[in-house]
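A.B. asks: show me the folded form of this:
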Amino acid sequence: MRVKRQQAMIIIVLLSVAMTIFTTVLTTLSYRKTQADSYVHAEVLNTVGAVRKLNYALSFGKPIDKFFGLDDLLGGIDELSDEIRGVEIIDNEGNLIESTGDAMGEVRPDSFDSEYRMEEEGIYAFVPFDAGTIILKLDTGVIHDRTREYIGFILRLDALILLAVVLAVFVSCIIASQNGISMKQLRITSVLILVTAQFVLGGLSMRHLDTAYSDSVAQIAQTSALTVKNDINSVVEKGIPYKELTGLDSYLTNLVADIPELSNLSLGTGAAASTNQMTAFELDIKGVADETVRLFCYYDRDMIRSKRINHVIDSMILILIAVFISMESAAFLTRHMEMKGERKKGELYLPGFRLFVFVAGITFTLDVGFFSVLSAKLFGTMGLPESMSFLSGMPNTMYSVAVLIGLLACSSLIRRFGMRRILMAGVTMGIIGYLFFAVSVNLPMLILARFVYGFCDGIIINAIRLYASSQADPALHTKILVEYMAATNLGVSCGVVIGGLIADVASYTLVFLIGAALAIVCLFLVLFAEFPERQEDSEKMSFVLALKELKKPRVFLFMIGAVVPVYIATLFVAFTFPLFGNEAGFSNSIVSGCLMLNFIIIAYLTDPISDWVIKRIRPDIAMAVYMALQTASIGIFVLTGRVWAAILALVLTSLWDCFGMVVMDLALDHVEGTSTEKCTLLQMLFGKLGMVIGPVAITAWLSKGAAGATGVIVIFLAAGLVVYGLSLIIDVSKKRPDAGRMEGR
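C.D. replies: A predicted model of the protein is given here:
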């Protein structure tokens, strides 16, 4: 099939425009978040002296409501910066103690807040001290102005890139034949142009972001100088001359401890020129006229370099997302054009199927990067003892219970109502679950929402696997599974990052609302994929028949010793790694980016790695090797508790999953009398049991930190490996005597 040159040009240009808009939105959100972080951090430095004074006074037992001079203290903070619109002090119960400046309303830090909250009327920064919290109301105009400046820059850049795209498309199509270009040429050309454009756009926006961060570091140094000047002058005004002040070195040491970007502060009178390592500021100290007092701010280059690397990683992750979506868009459009004439009513439309799975992968994984953290925060607001920390895992446990119920009911529901109606019902449960998430303000509500949401995955994931297994044509069965695995993992890799970025920029609630909106799109994609109304020949998938397989000892030991621990081990990626990232100070987008790496590895390497392993190692032996490698990889992280070990474990477990999840389906093939279909159903059942047990077992150890809690996974894997290994040894020993007797005869 060939496409006319004009038609090909229009297709590629329209795809480029759509992807440029998408990338622009992502990079703008990232830029706004970075600028808000830097802005709030710089303004919060104005409270350092006040927090120190409050904590010092309270250390003598004075209650906060009896602290005299709060009005002057807050007024002093308010005067330090033109961007501070109001200041408020509340106690640990949220009661107002003192306020100054603009009215703050009833804004209070809650379980969803970290350092600040952005509202239309202002940015509210929360600075805790021993007996309460200082709340700063900051002007949003600064962030709006910076964002508008960036949008102007990025739109000019978009225009130049789109112009370059049009020229590239024109040249490519001119080179092509007069009769047009083939579908293969269109696919390759569109992917190359789209991917190149996204890398250029992302790279230049990343450079702009890095420049803006350097400016924010300079602003932090300037704010620090202003703080020092005001603190010294406040003492001088009380009658103590500057030259008679003592303890200045100690004061500066304590101050710099609260400013990560600076490694040292010192006062001097000598002249000095600013460098990339240090900036000198003249301080206008009252009563000092005969010499110039300067503050020397020395930058912590290691910390700044680390942050710049994080910004690069953030930007590269966004670029990769745009690249993946560009590739999927180009592939879908060209395949749709190829198969449009071959489309048959009542048959699954594979391009539509892949598009549905890809969008569903994005939609229903938006919260993966932060959900366990959110659950832990809501548990923290309940004031319960650490011994009950297992409750923070209950949302995930109830989710797994709902998935299990969906699995048990899925086969009969498909036979009765058909794939199309069941998938639409599953997506609808996802919409309801997301809406419940959006209004959840405590842990019990979150548990209920997660339970409802679980039916979504319990139906969608299992229904597609059952649908694939029911195909009489082995080639179609394999094709559906390959499309499902690739599209799902690519969608998930994008979804976790997009959700994490939105959570960083806005709120968890907005993530859930966007998820509900995308789920509505998925409803229409179910119809577009043309899933059949009725599912034929699915009686063989009955759970009643599958459970009879457990009478075989090898099957039972495999389910208990291998399947349950392996599914518990999957919680390292989706559950304990985000918790560790939160402990290590990773942003939601960084955590999501690390998880994205897991899904990308599985999406692109499953076929070659599994093919290599299956050709060389018998599946039941390969299963034992897989469990041993998983135990060792995660065990390294548990023993060290280091960031490098966590990322290494994430990469290694992803590589082992590329063949482990395949050999799991084949590990019982050589056992006489077993059915692959029935054993697959049992794996799904026992896997969900592991997902039910895992979160509670892990969170029960959460007081030992994320690495310590992950030790539970290693224990399950090691114990399961012993059980499964013994079953292999027993099986071999049963066969050897027979072989020996045959030789003797």
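A.B. asks: mind checking what helix or strand follows the longest helix along the chain in sequence?
C.D. replies: The helix that spans the most residues within the chain, counting by DSSP state H, is helix 183-236. With elements assigned by DSSP states H and E, the helix or strand that comes after helix 183-236 is helix 248-256.
A.B. asks: what's the angle from that following helix to helix 183-236?
C.D. replies: With axes from the mean of the first three to the mean of the last three CA atoms, to 10 degrees applied, the angle from helix 248-256 to helix 183-236 works out at 150 degrees.
A.B. asks: now the helix or strand following helix 248-256 and helix 248-256, what's the angle there?
C.D. replies: Moving toward the C-terminus from helix 248-256, the next helix or strand (DSSP H and E) is strand 262-268. If you take the same axes, to 10 degrees, strand 262-268 sits at 150 degrees to helix 248-256.
A.B. asks: each with direction, which strands does the helix or strand that strand 262-268 is followed by pair with?
C.D. replies: Next helix or strand after strand 262-268 toward the C-terminus (DSSP H and E): strand 278-283. Within its sheet, and counting by DSSP bridges, strand 278-283 is paired with strand 293-299 (antiparallel).
A.B. asks: mean confidence score for the partner strand?
C.D. replies: Mean pLDDT, strand 293-299: 86.
A.B. asks: what's that strand in contact with?
C.D. replies: 217, 221, 224-225, 228-229, 242, 261-272, 276-283, 285 (CB atoms under 8 Å, 6 or more residues apart in numbering). For glycine as for every other residue, the C-beta is placed from the backbone atoms N, C-alpha and C.
A.B. asks: what comes up buried for stretch 704-713?
C.D. replies: In terms of neighbour count (16 or more other CB atoms under 10 Å), stretch 704-713 has its buried residues at 706-707, 709-713.
A.B. asks: how is this structure divided into domains?
C.D. replies: 1-342, 344-466+511-533, 550-732 (automatic domain parsing).
A.B. asks: can you list those in TSV and add distance to residue 491?
C.D. replies: Listed next are those as TSV, based on distance: least, CB to CB, whole Å:
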stretch	distance to residue 491
domain 1-342	8
domain 344-466+511-533	2
domain 550-732	8
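A.B. asks: and the helices in the stretch 351-500 of the chain?
C.D. replies: Applying DSSP state H, counting those that start in this stretch to the stretch 351-500 of the chain gives helices spanning 371-380, 394-417, 419-439, 443-469, 474-505.
A.B. asks: nearest to residue 127, of those?
C.D. replies: helix 371-380 (18.4 Å; CB to CB).
A.B. asks: in the stretch 351-500 of the chain, which segments are predicted with low confidence?
C.D. replies: 383-384, 386-387, 389, 469-472, 474-475, 477-478, 482 (pLDDT under 70).
A.B. asks: how does it look with 90?
C.D. replies: 351-355, 357, 361, 364-423, 426, 436-450, 452-500 (pLDDT under 90).
A.B. asks: what of the stretch 101-250 of the chain?
C.D. replies: Checking the stretch 101-250 of the chain against pLDDT under 90 turns up 101-150, 153-154, 157-158, 160-250.
A.B. asks: of all the helices of the stretch 351-500 of the chain, which one is nearest residue 21?
C.D. replies: When the helices of the stretch 351-500 of the chain are compared by CB to CB, helix 474-505 sits nearest residue 21, at 14.6 Å.
A.B. asks: tell me the buried residues in that closest one?
C.D. replies: For helix 474-505, by 16+ other CB under 10 Å, it's 479-481, 483-505.
A.B. asks: angle of whichever helix or strand comes after that helix against helix 371-380?
C.D. replies: Using DSSP H and E, the helix or strand that follows helix 474-505 towards the C-terminus is helix 508-529. Relative orientation of helix 508-529 and helix 371-380, computed by the same axes, to 10 degrees: 140 degrees.
A.B. asks: closest to residue 674 out of the buried residues of stretch 704-713?
C.D. replies: residue 713 (28.1 Å).
A.B. asks: so the closest one, which of the three states?
C.D. replies: Classification of residue 713 by DSSP: H, G, I helix; E, B strand; the rest coil places it in helix.
A.B. asks: quick check, pLDDT for it.
C.D. replies: pLDDT for residue 713: 93.
A.B. asks: so it sits against residue 634, correct?
C.D. replies: Yes. Under the criterion of CB atoms under 8 Å, residue 713 makes contact with residue 634 at 5.8 Å.
A.B. asks: who does the closest residue to residue 268 other than its chain neighbours form a beta bridge with?
C.D. replies: If the residues on either side of it in the chain are set aside, residue 268 comes closest to residue 294, at 5.6 Å by CB to CB, 6 or more residues apart in numbering. For residue 294, the beta-bridge partners under DSSP bridges are residue 268, residue 282.
A.B. asks: tell me how many other residues crowd residue 294.
C.D. replies: 18 (other CB atoms under 10 Å).
A.B. asks: and it, how close does it get to residue 288?
C.D. replies: 11 Å (CB to CB, to the nearest Å).
A.B. asks: pull the residues that contact stretch 314-326.
C.D. replies: Residues contacting stretch 314-326 (CB under 8 Å, 6+ apart): 15, 19, 22-23, 26-27, 30, 34, 191, 194-195, 198-199, 201-203, 205-206, 209, 490, 493-494, 497-498, 501, 587, 589-590, 592-593, 596, 600.
A.B. asks: just the buried ones among the residues you listed, please.
C.D. replies: Using 16+ other CB under 10 Å as the burial test, the contacts of stretch 314-326 include 15, 19, 22-23, 26-27, 30, 34, 191, 194-195, 198, 201-202, 205-206, 209, 490, 493-494, 497-498, 501, 587, 589-590, 592-593, 596, 600 as buried.
A.B. asks: ChimeraX command to pick out the buried ones of the contacts of strand 293-299?
C.D. replies: Selection of the buried residues among the contacts of strand 293-299 in ChimeraX, burial being defined by 16+ other CB under 10 Å:
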select :217,221,224,225,228,229,242,261,262,263,265,266,267,278,279,280,281,283,285
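A.B. asks: would CSV of the buried residues of stretch 704-713 with distance to residue 315 be doable?
C.D. replies: Formatted as CSV, the buried residues of stretch 704-713 follow (distance: CB to CB, whole Å):
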residue, distance to residue 315
706, 27
707, 29
709, 32
710, 29
711, 35
712, 36
713, 32
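A.B. asks: looking at these, which is nearest residue 96?
C.D. replies: residue 706 (36.1 Å).
A.B. asks: give me the neighbour count for residue 86.
C.D. replies: 20.
A.B. asks: next: residue 90.
C.D. replies: 22.
A.B. asks: coming back round to it: now do the shared contacts for residue 713 and residue 634.
C.D. replies: 569, 572.
A.B. asks: for the residue nearest to residue 437 when sequence neighbours are not counted, what are its contacts?
C.D. replies: Of all residues not flanking residue 437 in the chain, residue 512 sits nearest, at 4.1 Å (CB to CB, 6+ apart). Applying CB under 8 Å, 6+ apart to residue 512 gives the contacts 366-367, 434-435, 437-438.
A.B. asks: look up how far residue 502 lies from residue 512.
C.D. replies: In this structure, residue 512 and residue 502 are 10 Å apart, going by CB to CB.
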